[in-house]
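Chemist: I'll drop the sequence and a predicted model, then ask my questions.
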Amino acid sequence: MGRSKRGTTKGRKSSRIGSYAVASSISDPTSISCTTFNILAPIYKRLNKEGQSCRESDFRTYWQTRNHRILDRLLHERSSIICLQEFWVGNEELVNMYERRLGNAGYIHFKLARTNNRGDGLLTAVHKDYFRVLNHRELLFNDIGDRVAQLLHVELVAPFSKCLSNNVQQEILIVNTHLLFPHDSSLCLVRLNQVYKILQYVESYQRENKLVSMPIILCGDWNGSKQGHIYKFLRSQGFASSYDTAHQYTDADAQKWVSHRNHRGNICGVDFIWLLNPNRSRKLLKTSWTETVFGMFKYLLRRTFLTEIDAFAFLKADCCGDYITYVGFCQTLRQLNLIGHPHGLSVEETRDLWVQADIDGNGVLDYKEFQQQIWNPSSENRDEMSNGAWEDIVDDTDQTVGFSVKNADLFPTEVEKGTWPEDYSLSDHARLTVVFSPVRMPCPSLTS
């Protein structure tokens, strides 16, 4: 799934909590900034609401003007890291425009097309004044959405190398991606598996290269809100939404901000810059995946059955005993559209879920197991390393860089209040910028 690559070259600026604060924080030489922006590929931008056929890509002046305005803003703000989605890789003139202007501004940049010649893709750029690129990988999911991801392994350069002592590891992993849009519930698993593949790949990359634990920054258009399963999956892996951290929003604050008005006219918050610091505890990746799938399972059951007793009776199907059989379990998964189609759970994944649910291993699920593993899973069942465990595997001189979130803002500013301005025309997404301050942290070892 991954392919190695090397790069080409080019900035930084946006901070208070809000636009002014982000601008002043970006200009702080001891901070780094990260911008993610779905710039709406001209091949997808409709010029009238009624017709599907009239696209911006048919009018050179329109797409050229809009993309020059996007670049003007990006280069004015001069973020250390720029992650773009829906970058029109299929148009050589537009690609040359971005490569020329970013290169002239001091950025090292990488582009990646979606598979099957979909026309758009990703562009990731890091400023050479802040980072040295150690490696670049391309992740091709080869799934229904032809989605892809980029991974950059970078090292901080001056002035950070002077601020941090010689024994502090100064490397970072940056991921840029754009998940599939959830056109219907059958695609929820596809989207979850896209994120699962990214995290699996990051883990394997660290192991293969014998890397110590380091900060991971995930950027992009996740096509899902804070109320969705992807958000919960990433939170269970220790990732924090940097914008929410900066504004002191909790996981329950789901309607405070928006970042996208979709083709249906709905506004929602789907663009995130996720941060995982090396000192954060993490449960096993497979455990998080299993819990998330059970969360989907429960959500679908609760849409049909108001009580757990009714749901348990449904899962029992025609079984004469007071328990759920594997056959009944699979029948329910099929009825809920979680298996039985190309994008559903595989036979192996279904069996793994069953093994997790069958606590005593007797081949059936009783009511208690149903409650504990499916309906009301408790934190006691979670395989998670406590924060204190890091202290046992770190010595005082072994440290790595981490980040504190200094500031974050969205543009246009109206979206920070949960509204979408009618006069905004750069994209159907807001631009999100986060400012980080490097800090020293204990350096835990990676375990398989």
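Modeler: Yes, it's here.

Chemist: residue contacts, Asp423?
Modeler: Under the criterion of Cβ atoms under 8 Å, 6 or more residues apart in numbering, Asp423 has no neighbours. In this view, the C-beta of every residue, glycine as well, is placed from N, C-alpha and C.

Chemist: and it, which of the three is it?
Modeler: coil (DSSP: H, G, I helix; E, B strand; the rest coil).

Chemist: quick one: pLDDT of it?
Modeler: On the pLDDT scale, Asp423 is placed at 95.

Chemist: same deal with Leu74?
Modeler: Residue-level confidence at Leu74 comes out at 97, pLDDT.

Chemist: that one is in what secondary structure piece?
Modeler: Assigned by DSSP states H and E, Leu74 falls within helix 60-77.

Chemist: residues contacting that helix, please?
Modeler: Outside helix 60-77, the residues that touch it by Cβ under 8 Å, 6+ apart are 11-14, 23, 26, 33, 35, 37, 39, 42, 45, 47, 56-57, 82, 88, 93-94, 97-98, 101-102, 105, 411, 425-427, 431, 433.

Chemist: now stretch 87-105: average pLDDT?
Modeler: What stretch 87-105 shows for mean pLDDT is 98.

Chemist: host element of the residue at the greatest distance from the centre of the chain?
Modeler: For the chain, the residue at maximal distance from the C-alpha centroid (Cα atoms, centre = their mean) is Cys320, at 44.7 Å. Here Cys320, judged by DSSP H and E, is contained in no helix and no strand.

Chemist: so where's this structure shaky on pLDDT?
Modeler: Low-confidence segments of the chain, defined by pLDDT under 70: 1-27, 49-52, 158-167, 185, 378-398, 443-448.

Chemist: so what's the residue count around Arg114?
Modeler: As a burial measure, Arg114 scores 21 neighbours (other Cβ atoms under 10 Å).

Chemist: returning to that earlier point: so how far is Asp358 from the residue farthest from the centre of the chain?
Modeler: Separation of Cys320 from Asp358 (Cβ to Cβ, to the nearest Å): 19 Å.

Chemist: before we move on, what about Cys54?
Modeler: 56 Å.

Chemist: coming back round to it: after the helix holding Leu74, next one along is what?
Modeler: Moving toward the C-terminus from helix 60-77, the next helix or strand (DSSP H and E) is strand 81-87.

Chemist: what comes up buried for that next one?
Modeler: The neighbour-count check on strand 81-87 (16 or more other Cβ atoms under 10 Å) flags Ile81, Ile82, Cys83, Leu84, Gln85, Glu86, Phe87 as buried.

Chemist: kindly report the same for stretch 205-221.
Modeler: Tyr205, Gln206, Leu211, Ser213, Met214, Pro215, Ile216, Ile217, Leu218, Cys219, Gly220, Asp221.

Chemist: now the residues you listed in a markdown table, with distance to Leu151?
Modeler: Putting the buried residues of stretch 205-221 into a markdown table (distance: Cβ to Cβ, whole Å) gives the following:
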| residue | distance to Leu151 |
| --- | --- |
| Tyr205 | 7 |
| Gln206 | 11 |
| Leu211 | 12 |
| Ser213 | 16 |
| Met214 | 12 |
| Pro215 | 13 |
| Ile216 | 10 |
| Ile217 | 11 |
| Leu218 | 10 |
| Cys219 | 11 |
| Gly220 | 12 |
| Asp221 | 17 |
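
Chemist: quick one: which of those residues sit in helices?
Modeler: With DSSP state H as the criterion, helices contain Tyr205, Gln206 from among these.

Chemist: just the buried residues of stretch 205-221 now: which is nearest Ile172?
Modeler: Ile172 has its nearest neighbour among those in Pro215, at 5.1 Å by Cβ to Cβ.

Chemist: so the closest one is in contact with Trp274, correct?
Modeler: No. With contacts counted by Cβ atoms under 8 Å, Pro215 stays clear of Trp274, the gap being 10.8 Å.

Chemist: picking that back up, what's the farthest-apart pair in the buried residues of strand 81-87?
Modeler: Ile81 and Glu86, at 17.8 Å, using Cβ to Cβ across the buried residues of strand 81-87.

Chemist: beta partners of Cys34?
Modeler: Here Cys34 sits in beta bridges with Ile81, Val434, going by DSSP bridges.

Chemist: next one: phi and psi at Trp375?
Modeler: When read as degrees, to the nearest 10, the backbone of Trp375 gives phi -80, psi -50.

Chemist: count the residues that sit near it.
Modeler: Using other Cβ under 10 Å, the number of residues around Trp375 comes to 19.

Chemist: check Gly90 too.
Modeler: Taking other Cβ under 10 Å as the criterion, the count of residues near Gly90 is 18.

Chemist: now swap in Met97 and tell me
Modeler: Applying other Cβ under 10 Å, we find 15 other residues in the vicinity of Met97.

Chemist: again with Tyr98
Modeler: If we define neighbours as other Cβ under 10 Å, then Tyr98 has 25 of them.

Chemist: quick check: next helix or strand after the helix or strand containing it?
Modeler: Assigned by DSSP H and E, Tyr98 belongs to helix 92-104. The helix or strand immediately downstream of helix 92-104 is strand 107-113, counting by DSSP H and E.

Chemist: now for that next one, which elements pack on it?
Modeler: Secondary-structure packing of strand 107-113 (3 or more Cβ pairs under 8 Å, 6 or more residues apart in numbering; DSSP states H and E): helix 92-104, strand 121-127, strand 131-140, strand 148-156.

Chemist: among those, which is the most enclosed?
Modeler: When the helices and strands packed on strand 107-113 are scored by mean count of other Cβ atoms under 10 Å, the highest mean neighbour count falls to strand 121-127 (a mean of 27).

Chemist: which residues touch Leu187?
Modeler: Ile144, Gly145, Leu180, Phe181, His343.

Chemist: measure the second one to Tyr201 for me?
Modeler: The one in question is Gly145. 17 Å.

Chemist: again, but for the first one
Modeler: When distance is defined by Cβ to Cβ, Ile144 is 19 Å away from Tyr201.

Chemist: compare these two (neighbour count), which wins?
Modeler: Of the pair Ile144 and Tyr201, Tyr201 is the one with more neighbours under other Cβ under 10 Å, namely 17 against 12.

Chemist: where does the more buried one land in three-state SS?
Modeler: Under three-state DSSP, Tyr201 comes out as helix.

Chemist: coming back round to it: residues contacting the helix holding Tyr98, please?
Modeler: By Cβ under 8 Å, 6+ apart, the list of residues contacting helix 92-104 from outside reads 8-11, 42, 60, 63-64, 67-68, 71, 75, 82, 87-89, 109, 111, 123, 125.

Chemist: and what of stretch 340-348?
Modeler: 143-144, 186-187, 189-190, 293, 333-334, 337-339, 353.
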